[in-house]
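>>> Just to be clear, the model below is a prediction. Sequence and coordinates:
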Amino acid sequence: VRIVESGGGVVQTGGSLRLSCATSGFTFGDYTIGWFRQAPGKEREAVSCLSNRDGIRYYADSVKGRFTTSSENAKNTVYLEMTSLKPDDSAIYYCAANPTDGRREYDYWGQGTQVTVSS
């Protein structure tokens, strides 16, 4: 199993970034792909998730209306489009896979990609 995030970087307040989560080694269509973030000194926070089985999406209140997650099944890749970025969005963003079997735990995790929003 491999999960690789990319697309992080430094952006000014109000800017946009698109993160990618490229996966392999499991049946992509059966899994829910989640995005999480963790800032220094803070707990890890769930940002969004997308069930590839039924297309259901979840967004944290802090990102609703600004972030959008989508899936490209042909590439086994999930994207997180982030707009109207704020300094509070600065964190390491992780992508993870859950088998959509009723468990809340995510089995597979990527190494993360850094997002920094300057004020």
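On my side now, so go ahead. Numbering: from 1, shown residues only.
>>> Quick check: residue 105 vs residue 92, distance?
20 Å (Cβ to Cβ, to the nearest Å). Where C-beta positions appear, they are placed from N, C-alpha and C, glycine not excepted.
>>> neighbour count winner among the two?
Applying other Cβ atoms under 10 Å to residue 105 and residue 92 shows that residue 92 carries more neighbours, namely 18 against 8.
>>> what are the phi and psi angles of the more buried one?
phi -90, psi 130 (degrees, to the nearest 10).
>>> pretty sure residue 68 contacts residue 81?
Yes - proximity of residue 68 to residue 81 meets the contact threshold set by Cβ atoms under 8 Å, at 4.5 Å.
>>> Please compute how far stretch 37-54 lies from its chain's middle.
6 Å (Cα atoms, centre = their mean, to the nearest Å).
>>> Then stretch 54-66?
Counting by Cα atoms, centre = their mean, stretch 54-66 is centred 11 Å from the centre of its parent chain.
>>> What average pLDDT does it get?
Averaged across stretch 54-66, pLDDT comes to 97.
>>> Just the buried residues of it, please?
Neighbour counts over stretch 54-66 (16 or more other Cβ atoms under 10 Å) mark 59, 63 as buried.
>>> which outside residues touch that stretch?
Stretch 54-66 has contacts (Cβ atoms under 8 Å, 6 or more residues apart in numbering) with 45-51, 67, 69, 82-85, 88-89.
>>> Narrow the residues you listed to those in strands?
Judged by DSSP state E, strands contain the following of the contacts of stretch 54-66: 45, 46, 47, 48, 49, 50, 51, 67, 69, 82.
>>> before we move on, back to that, out of the contacts of stretch 54-66, who's the most crowded?
In terms of neighbours by other Cβ under 10 Å, these top out with residue 82 at 27 neighbours.
>>> hang on, the earlier thing: show me the two of the contacts of stretch 54-66 that sit farthest apart.
51 and 88 (26.8 Å; Cβ to Cβ).
>>> Spell out for me which residue occupies the centre of the chain.
residue 35 (2.6 Å; Cα atoms, centre = their mean).
>>> That one is in contact with residue 19, isn't it?
Yes - between residue 35 and residue 19 there is a contact under Cβ under 8 Å: 7.3 Å.
>>> So which residues of the protein form strands?
Using DSSP E, strands in the chain cover 2-6, 9-12, 17-24, 32-38, 45-51, 57-59, 67-72, 77-82, 91-98, 108-109, 113-118.
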